[in-house]
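In: sequence below, structure please.
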Amino acid sequence: MEEFQKAYGSVMATAQQSTAKLGSWASFVEKAKSTNSSSSGFRSSAADTSGVLITRPPRQAVSIGTCSKLCVFFFIAGIFAGYTLKKRVNRWVSKLLRRLKDD
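Out: Numbers count the residues shown, from 1 in each chain. From the prediction side, this is the model:
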């Protein structure tokens, strides 16, 4: 059980680090958008895109591959969370029943 908790903790730490990186990337993109929108109405190819890695039109849909990966990830996370919750509830109930039995 301890190994599972350690693995779960490391996965959660990695997810938080990824979220932080994603947040910094999003702020970079927002800054690039504001810089491009405040330009004088036309884009010069070398000057405005020096800080932008890829220029693509915004997409409003999530691809089926991304959706599938997210579904698998959250399904597995739900199984892990349910398993640990079940163990904790069982321990709590057994302690409660022992206390009631002693009284």
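In: tell me the SS of Gln60?
Out: Per DSSP: H, G, I helix; E, B strand; the rest coil, the local secondary structure of Gln60 is coil.
In: and it, what pLDDT?
Out: In this prediction, Gln60 carries a pLDDT score of 74.
In: could you check how many residues crowd around it?
Out: Neighbours of Gln60 under the rule other C-beta atoms under 10 Å: 5. The way it works is simple: take the backbone N, C-alpha and C, and place the C-beta from them, glycine included.
In: next one: it from Cys71, what distance?
Out: Separation of Gln60 from Cys71 (C-beta to C-beta, to the nearest Å): 20 Å.
In: same question for Glu30.
Out: Here Glu30 is placed at a distance of 28 Å from Cys71 (C-beta to C-beta).
In: Val11 now?
Out: For Val11, the distance to Cys71 (C-beta to C-beta) stands at 17 Å.
In: out of these two, which sits in the busier spot?
Out: Set Val11 next to Cys71 and count neighbours by other C-beta under 10 Å: Val11 wins out with 13 against 10.
In: who are the contact partners of the more buried one?
Out: Contact partners of Val11, counting by C-beta atoms under 8 Å, 6 or more residues apart in numbering, are absent.
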